[in-house]
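Asks: sequence and computational prediction follow.
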Amino acid sequence: MKTGSIFNPRSVLDLTYKITAMDAFQNFLFTGDEKGNIYRYNLTLESVNVLAPNSIQQQQFTKAKIDQIKIFPHANANLLVLSDQALYCIEAATLRGEVIYKEKVAIFALNEFSKSNQLELVMITKKKEGYIMQYNLKTGKFEQMREKFILSDIPITVAFIGNLFFFGIQKKNYSVINLDDKQLQVANLLMDIGSNPYLKATDNDEILIITTNNVGIFIGKDGQMKQKSTILIQNKTISLITTFKQYLIVIFDNLLQVFNLSDSKHMSDIQLSQAARCITQTSNHLFYGSAAEIIYLYQTPAEQQISELLKNGRVEDALQVYSQNNQAADPSKNQQLEQLKLDCGWSLVRQMQFSNSLNYILQTNFEPRDFICLFPDYYPAAEKLQSVNPNPSLQTISLIINKFVQESRGDPTQIQELKFQAKEFLVEILEKKRAVLTSPQYAYSMKDKLNLLTTTLNFNQNQWQPIPCEQLLELIDFALIKLYLESSQYFPKLKAFFTSNQIYCIQMYNQLQGLFQNNRGIEQQQGILARFYESFNKIDQSLEIWKKVGRESIHIQEQQEACEETTRILKQNPEKNRIFKFIVWVFKKQFKVGVQIFQISDQIITPDQMLKFLEEQELDAELKRKLKEKYLEILVLEKQTEEERFHTQLAYSYIDSLFQQYPKEMDFSKIDLRKNQVVSDQYQALKRFLKNPNAKYNSSSILEKKVKDSWMINEVILLYGREKKHEEALNQLLSLGFYEWAEKYCCDYTDNLLTKLFKKYKELYFYLEGKQKERPTDQQAQNAFNQIKTTINSFLKKFATHSQLNVLEVLDLIPDNWILSDQSEDDGLFQFLKSVISKLQGETQVIRYIRKVDLLYVQCQVATTKQSNVRMTSEKQCSVCSKTIGEKVFVVYPNSVLAHHTCIKSNTICPQTGRDFEKYFKF
């Protein structure tokens, strides 16, 4: 018998006759022998004595062999018995009966899945005739339903489900007849019948057909193949096929094969001591008969099957057995399945299938100490494991692997390979458990005491005390670090481990330090050693190593990494003296990386302390200037300090840098900043800063101490404007002949500067006119005079209607000797006067229109008032005394208010509203 077998055979009755057929139903088992006898046995619920003692009943029908017994369950469990080519219907209680049909019967098929009111069978006679029979419950006899049908030959196998009759003819083909078809035509199935034809109905809509090479195919009643796997049966002569619960059982001469009907998977082989001649089953029992005995196939309990399968590493079969026996909803099902998956993982570990075992173990909340205890080199002390057992590592992985190779008679060289696989397995197990314990998704508290899943299949059978999550992580981290250290192939993982994780084995620093210092591989990977020190809060040691790497390494990438890591560590562990000690070398190697340290809080290093530190360092002058400037930029533009002096210092730094390239006294017309990208960028930074509305620099200081009388004309003008020194700005622009710039400057402010500019134009006009008269032959004086005239002409045209220009004041400023030339469109003075007149005319017309509207409104009110009237009745009351008007003298106001003449104070003022109509209608 194969280990993990679903069934175990057990003899229940020695026979004194040669059994030829059998069937069972509910509490009865029926058998037949070679002499035509029928036997009936009572079945019990006991698992040992299945056949009730002294319960046998016997009856002889013929003198020939009983070929087939089939219980007819819907007809009081009566029997259909085929013997000597005669088909009998026999009462189960008395074992008496009669022949159903007079013709000689070769084979028959009962409609096993028919409804209770459709008790049917199909029988094939020796004449190759087929008859459809139906059982009449009233008469207790079978009756022919329809006319017979003819076959080409006698079938060797038949099956009857629903309205379809399937049959197979040796060396020909499988066919089917639809019994609802009036013509009862035979339809051949498109599949090879093979050398071992067999048909078996497996449920009310499925039939198994055995084809070439004993391949089993499932088809439905519609004749179409089912969407399920084929069954691969041993290529031997098939004796019998039956179904029991979820299993398909195939019997050969001395072999019984078991398959799962749901997925066609082969489950078990059972070797038989004697050939099986017949087989039957009830809902709970399975029997087969051999030449000398009846054998009960005892179904192995699912737990026992699973245990045996796990012992041999057949984990998929174990899971399948569990699934088949746990179909019902059960609150504990998930927990049971998780335990089984862990057992499966350990089963594969015992088979040294480490990689495959991970697929099962990682689906569970496993106890990592079960694995750690197998590797005593990777935990600090036995008491750390918190095992109830005094020695938690009786079985080590080395002993286990040596024993496995010895027992399996494997190659001794395999031992080292298995040990390597075991370590890889441990690494992955611990990594995955660590990821779960530290994941926000699972929200473990570090103080939580964990009761994790263990198994009886582990090697040391330890009983673990509940352990706080933090202590378990301490064990995991210690083991992982030691494992990573053992091979350079794990160095990338070790680097990532220190980079990305909080380390929980801080207390084990002394045990690990020596391992790192004495590891030759780490000597070539100083970055890992630096990360080790940092992870264990040895910050200064870590920084010293990075400093050494950054200074001594010839590889640019390593230098870059050292600079970046040093800066990161200093930012994460900000302490003034430490920063001052370790940042300078980074400044020298990687300026852009080092200046990130300037982002730290001013509470750790004040701006004055940082600037003083930078000033005192023995650095290249240009580097020192760049560092101070970058710090000021971060302080002012990013941290947005409010202190004016730092804003002013930043502006000074920009300007001094530019003056180093282009001295202050240079002629601005000879400077082209576009030729030098660095200088151009520096100048753009200065411009952006000076124009920044949030900048708080001292513009007067910058103007007087730095840029005044320099080539930085733009900056001078901008700072004059910021200081509201418009007079100075305009004077400088006009002295340089920048008339358009001066006009734009005026338009950028709201101080009525255009009018002031015109005054300066006028002054300049008379000055240049005098120069031109003094030197009538001086072309330069003539050109300057012509230029100012053109500028004034353009100015008057352009700004005649501008809001910043007081036209009346400008009109008063225009000298009487300025002559309107030809009053053309190009004459600025003419256009200016024209605009002024048009504007004044427009204002007069508007005033006249408004007055006219007012007059029309008053006239409308007078006309409306004149049309008003009052209808007098005896009920009208005085608006003053509230008495009826009666026959007394009364007055009526334009708004229809009535009052006694003696009650009012004024004929023109309404006593009710107080309106004075004399003033209201006065023009």
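Replies: Structure's in. What do you need?
Asks: most centrally placed residue in the chain?
Replies: residue 441 (12.8 Å; Cα atoms, centre = their mean).
Asks: confirm that residue sits in a strand?
Replies: No - going by DSSP: H, G, I helix; E, B strand; the rest coil, the assignment for residue 441 is coil, not a strand.
Asks: next one, pLDDT for it please.
Replies: Listed pLDDT for residue 441 reads 84.
Asks: residue 100 too?
Replies: Residue 100 carries a pLDDT value of 90.
Asks: these two touch, right, it and residue 82?
Replies: No - taking Cβ atoms under 8 Å as the definition, residue 100 is not a contact partner of residue 82, at 10.0 Å. To be clear about C-beta, it is placed using only N, CA and C from the backbone, and glycine gets the same treatment.
Asks: between those two, which contacts overlap?
Replies: Common neighbours of residue 100 and residue 82 are listed as residue 88 (criterion: Cβ atoms under 8 Å, 6 or more residues apart in numbering).
Asks: what's the nearest residue to residue 501 if we skip its chain neighbours?
Replies: Once flanking residues are discounted, residue 501 sits nearest to residue 438: 7.5 Å by Cβ to Cβ, 6 or more residues apart in numbering.
Asks: report how many residues lie close to the one you found.
Replies: Close neighbours of residue 438, defined as other Cβ atoms under 10 Å, add up to 16.
Asks: ditto for residue 829
Replies: Residues lying near residue 829 (other Cβ under 10 Å) number 18.
Asks: assign it to one of the three secondary structure states.
Replies: Applying three-state DSSP: residue 829 is helix.
Asks: I figured it hits residue 800, correct?
Replies: No - at 10.0 Å, residue 829 does not count as touching residue 800 under the criterion of Cβ under 8 Å.
Asks: just to revisit the earlier point, distance of the residue nearest to the centre of the chain relative to residue 435?
Replies: Noted for residue 441: a distance of 10 Å to residue 435, by Cβ to Cβ, to the nearest Å.
Asks: over to residue 27?
Replies: From residue 27 to residue 435 the distance is 58 Å (Cβ to Cβ).
Asks: between those two, which one's more packed in?
Replies: Taking other Cβ under 10 Å, residue 27 and residue 435 do not tie; residue 27 has more neighbours (15 against 12).
Asks: quickly note the distance from the more buried one to residue 422.
Replies: 56 Å.
Asks: now do the buried residues in stretch 500-511.
Replies: 503, 504, 505, 508 (16 or more other Cβ atoms under 10 Å).
Asks: quick check, nearest of those to residue 468?
Replies: Of all those, residue 504 has the smallest distance to residue 468: 10.7 Å, by Cβ to Cβ.
Asks: what does the closest one show for phi and psi?
Replies: The phi/psi pair for residue 504 (degrees, to the nearest 10) reads phi -100, psi -10.
Asks: gap between it and residue 109?
Replies: Distance from residue 504 to residue 109, by Cβ to Cβ: 72 Å.
Asks: could you do residue 409 as well?
Replies: Distance of residue 409 to residue 109, computed by Cβ to Cβ: 53 Å.
Asks: more neighbours: the two, which one.
Replies: Using other Cβ under 10 Å as the criterion, residue 409 and residue 109 rank with residue 109 on top: 22 against 6.
Asks: surely the more buried one is within a helix?
Replies: No - Residue 109: not assigned to a helix; according to three-state DSSP it is strand.
Asks: who's in contact with it?
Replies: Here residue 109 is in contact with 121, 122, 123, 158, 159, 160, 165 (criterion: Cβ under 8 Å, 6+ apart).
Asks: nearest to residue 262, of those residues?
Replies: Proximity of the contacts of residue 109 to residue 262 (Cβ to Cβ) peaks at residue 159, which lies at 20.2 Å.
Asks: what pairs with the helix or strand where the closest one lies, parallel or antiparallel?
Replies: Using DSSP states H and E, residue 159 maps to strand 157-161. Strand 157-161 has the following sheet partners, assigned by DSSP bridges: strand 164-168 (antiparallel).
Asks: what about this protein, any weak spots by pLDDT?
Replies: The chain contains residues with pLDDT under 70 at 1-4, 46-48, 53, 74-76, 114-118, 819-828, 838-861, 864-868, 921-923.
Asks: if you set the cut-off to 50 instead, what comes out?
Replies: Where the chain drops to pLDDT under 50, the residues are 1-3, 820, 923.
Asks: so how far is the strand or helix carrying residue 124 off the chain centroid?
Replies: Assessed by DSSP H and E, residue 124 sits inside strand 120-125. Relative to its chain's centre, strand 120-125 lies at 63 Å (Cα atoms, centre = their mean, to the nearest Å).
Asks: would you say residue 70 is within a strand?
Replies: Yes - looking at residue 70 with three-state DSSP, it is inside a strand.
Asks: from residue 450, how far out is it?
Replies: Distance of residue 70 to residue 450, given as Cβ to Cβ: 61 Å.
Asks: okay, those two: which has more neighbours?
Replies: Taking other Cβ under 10 Å, residue 70 and residue 450 do not tie; residue 70 has more neighbours (20 against 16).
Asks: pretty sure that one sits against residue 78.
Replies: No - contact between residue 70 and residue 78 fails when scored by Cβ under 8 Å: they sit 10.0 Å apart.
Asks: burial measure for residue 766, as a count.
Replies: Neighbours of residue 766 using other Cβ under 10 Å come to 11.
Asks: pull the CA atoms of the helix or strand hosting it into PDB?
Replies: Element membership for residue 766, per DSSP H and E: helix 753-774. Extracted C-alpha coordinates of helix 753-774, given in PDB (Å, rounded to 0.1, in the frame of the first residue of the first chain):
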ATOM      1  CA  LEU A 753       6.600 112.200 -12.300                       C
ATOM      2  CA  LEU A 754       5.800 112.900 -15.900                       C
ATOM      3  CA  THR A 755       5.000 116.500 -15.000                       C
ATOM      4  CA  LYS A 756       8.400 116.800 -13.200                       C
ATOM      5  CA  LEU A 757      10.100 115.200 -16.200                       C
ATOM      6  CA  PHE A 758       8.600 117.800 -18.500                       C
ATOM      7  CA  LYS A 759      10.000 120.600 -16.400                       C
ATOM      8  CA  LYS A 760      13.500 119.000 -16.700                       C
ATOM      9  CA  TYR A 761      13.000 118.600 -20.400                       C
ATOM     10  CA  LYS A 762      12.100 122.300 -20.600                       C
ATOM     11  CA  GLU A 763      15.300 123.200 -18.600                       C
ATOM     12  CA  LEU A 764      17.400 121.000 -20.700                       C
ATOM     13  CA  TYR A 765      15.800 122.500 -23.800                       C
ATOM     14  CA  PHE A 766      16.900 126.000 -22.900                       C
ATOM     15  CA  TYR A 767      20.300 124.800 -21.800                       C
ATOM     16  CA  LEU A 768      21.000 123.000 -25.100                       C
ATOM     17  CA  GLU A 769      19.500 125.900 -27.000                       C
ATOM     18  CA  GLY A 770      22.000 128.300 -25.400                       C
ATOM     19  CA  LYS A 771      24.900 125.900 -26.100                       C
ATOM     20  CA  GLN A 772      23.800 125.700 -29.700                       C
ATOM     21  CA  LYS A 773      23.600 129.500 -30.000                       C
ATOM     22  CA  GLU A 774      27.100 129.800 -28.400                       C
END
